[in-house]
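Undergrad: Kindly generate the corresponding structure for this input.
(4 chains)
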2 protein chains.
Amino acid sequence: MTGLRERKKQRTRDALVRAAHELFVEQGYETTTVDEIVAAVDVSQRTFFRYFSSKEEVAFSLQRLVSERFLEAVRQRPPGGSPVEVLRSTLVETWGSIGEAIEEIAPIQLYMRMWQIIETTPSLIAVHLRHSMEMEEQLAAEVARREGLDLDDDPRPRVLVAAFSGVMRAAIRSWSGGEDISVSAARQAVESYVAQLGPALSQDWSTGGTSPSHVVSAAALTARPPGTPSSN
Amino acid sequence: MTGLRERKKQRTRDALVRAAHELFVEQGYETTTVDEIVAAVDVSQRTFFRYFSSKEEVAFSLQRLVSERFLEAVRQRPPGGSPVEVLRSTLVETWGSIGEAIEEIAPIQLYMRMWQIIETTPSLIAVHLRHSMEMEEQLAAEVARREGLDLDDDPRPRVLVAAFSGVMRAAIRSWSGGEDISVSAARQAVESYVAQLGPALSQDWSTGGTSPSHVVSAAALTARPPGTPSSN
DNA sequence: TGTCAATTGTCAGCGACTGTCACTAGCCTC
DNA sequence: GAGGCTAGTGACAGTCGCTGACAATTGACA
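TA: Okay, here's the model as predicted:
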């Protein structure tokens, strides 16, 4: 059992995350000041910066939680299965428990709405892209480990992960730009996009398009799955 | 002919860019203050922020120049040829004139060294990724226009451009992490990476790897070209 | 040459972030 | 259960990026 000191720290940290998310969602990221966040939790600004190295960090704290959980789940996965399938099934199977982990800190709706804020705030888009890059690197290392490959010699892990994470980003972007920002809509968007990844790469898509046949398999990577609304 | 006022503006702008690049390269981006930059050019800080909306913007001013020139060159390109080939040949043919455009503002070595700063400064990496995304969107629109396609219906322009720009980024990263940061080394790295793009996508790469055959064509996208030193 | 408009400098101020130091409150020992 | 130890907090002063407002300057043009 953890001590009182520890629990107190966790509480203030969670409170800061929750307050920050509420304010960001309510009035936007740029227009929310750190002073407003700490006022809502009633701690000093100095304390805020002891928990988070920047205002950006608190905005991505839940995203980071999700990334870490997912990465950990992939690491725990028993050997076997193709890498794409490992990533896909890990995603599907951990979705629920990761959702619960979020709920312990803030209502999941807040997390969902925060995605919209990120995707519409230029400075956050930039940071998000960098995080994705870092996440890709770690995932690629794990895939390489599982397959017994050397990341320096074999580019396939990185490529696989890049494709996977590209599809994830496309799904999130499509979902966050749409009408229904519910959890189930997100899950559906992500799962249907990801489900296309394997088939799209193995099937032959050159069914009479104007494009040369060598780009079509890759093209399917960002194709909208049927029934998904176009979001621009 | 442009008036004196106009020329004076151009001079101070170029001087700011040059001074900023010199300082960034010499002592790092974060540790260089805007006050140092304006002191080197002897203008007020307010003037700096009239030319550049942020410290980041001046750091990317030469990169932006290059992007714009390249995009413009693609736009000027007569119809015909496959999209990949159009991008590749435009790159090769405009390399020289773009270099000259840079030289009018700052020594090209400074531009080259600035890449290293960008690639090793987290906040600049993030901004760079966002710029790449924006550039991809514009290039994709142009490719779609050339091919008479609708970007909303056909994902292939975006995919093609994403692949192209991914290869470019990989090339730059490999080059900037290496020993030889000369212009010719950069050119060689970029051109050899890009040259692989077409063949890599059309060839069959499944020559007895452990991976499923459906990822190998994509895998070749980030493969190191022969003779290029590994840079991590 | 005098008027107009564009450009610049000065100043005051906000917001993100950091170093420092005194203080408070869990924790651990006797 | 008292007292020392230390992790965590608050208060304060200061730096740096960036902005608005207004006055001073300087090229443009009649």
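Undergrad: Residue A:115 contacts residue A:171, correct?
TA: No - in this structure, residue A:115 is not within contact of residue A:171 by Cβ atoms under 8 Å, at 11.2 Å. Yep, even glycine has a C-beta here, placed from its N, CA and C like the rest.
Undergrad: So if I had to pick from those two, which one is more boxed in?
TA: Per other Cβ atoms under 10 Å in any protein chain shown, whichever of residue A:115 and residue A:171 has more neighbours is residue A:171, with 23 against 18.
Undergrad: Hmm, residue A:197 and that one touching each other?
TA: No - look at residue A:171 against residue A:197 with Cβ under 8 Å: they stay out of range, at 10.3 Å.
Undergrad: Give me the nearest residue to residue A:32, chain neighbours excluded.
TA: residue A:23 (4.4 Å; Cβ to Cβ, 6 or more residues apart in numbering or on different chains).
Undergrad: Now do the same contact list for that neighbour.
TA: Contacts for residue A:23 (Cβ atoms under 8 Å, 6 or more residues apart in numbering or on different chains) come out as A:32, A:36, A:37, A:40.
Undergrad: re earlier: can you check which residues contact both of residue A:171 and residue A:197?
TA: Joint contacts of residue A:171 and residue A:197 (Cβ under 8 Å, 6+ apart) do not exist.
Undergrad: ok, the residue nearest to residue A:132 when sequence neighbours are not counted - how many residues close by?
TA: Among residues not flanking residue A:132 along the chain, residue A:165 sits closest, at 5.8 Å (Cβ to Cβ, 6+ apart). By the criterion of other Cβ under 10 Å, residue A:165 has 17 neighbours.
Undergrad: next one: residue A:31
TA: Residue A:31, neighbours per other Cβ under 10 Å, totals 10.
Undergrad: For chain A, give me the ranges with low pLDDT.
TA: Scanning chain A for pLDDT under 70 picks out A:1, A:200-232.
Undergrad: how is chain A carved up into domains?
TA: A:1-55, A:60-222 (automatic domain parsing).
Undergrad: Identify the residue of chain A closest to DNA strand C, quick one.
TA: DNA strand C sits closest to residue A:3 of chain A, with a gap of 2.3 Å, by Cβ to the nearest atom of the strand.
Undergrad: What does that residue show for phi and psi?
TA: For residue A:3, the backbone dihedrals (degrees, to the nearest 10) come out as phi -70, psi 170.
Undergrad: so which of the domains of chain A is the most packed in?
TA: domain A:60-222 (a mean of 17; mean count of other Cβ atoms under 10 Å in any protein chain shown).
Undergrad: Centre of the chain to that domain, how far?
TA: Centre-to-centre, domain A:60-222 and its host chain are 7 Å apart (Cα atoms, centre = their mean, to the nearest Å).
Undergrad: quick one: is it near DNA strand D?
TA: No - shown here: domain A:60-222 not in contact with DNA strand D (Cβ under 7 Å from any atom of the strand), separated by at least 9.5 Å.
Undergrad: ok, back up a step: and the residue nearest to residue A:132, what element?
TA: Applying DSSP states H and E as the criterion places residue A:165 in helix A:156-176.
Undergrad: For the residue nearest to residue A:64 when sequence neighbours are not counted, list the residues it contacts.
TA: Excluding the flanking residues, the one nearest residue A:64 by Cβ to Cβ, 6+ apart is residue A:131, at 7.5 Å. Counting by Cβ under 8 Å, 6+ apart, residue A:131 touches A:60, A:63, A:64, A:67.
Undergrad: Please, which helix or strand holds residue A:131?
TA: Following DSSP H and E, one finds residue A:131 within helix A:122-147.
Undergrad: Secondary structure and distance to residue B:91 added to the contacts of residue A:131, as TSV?
TA: Converted to TSV, these look like this (DSSP: H, G, I helix; E, B strand; the rest coil; distance: Cβ to Cβ, whole Å):
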residue	secondary structure	distance to residue B:91
A:60	coil	35
A:63	helix	35
A:64	helix	37
A:67	helix	35
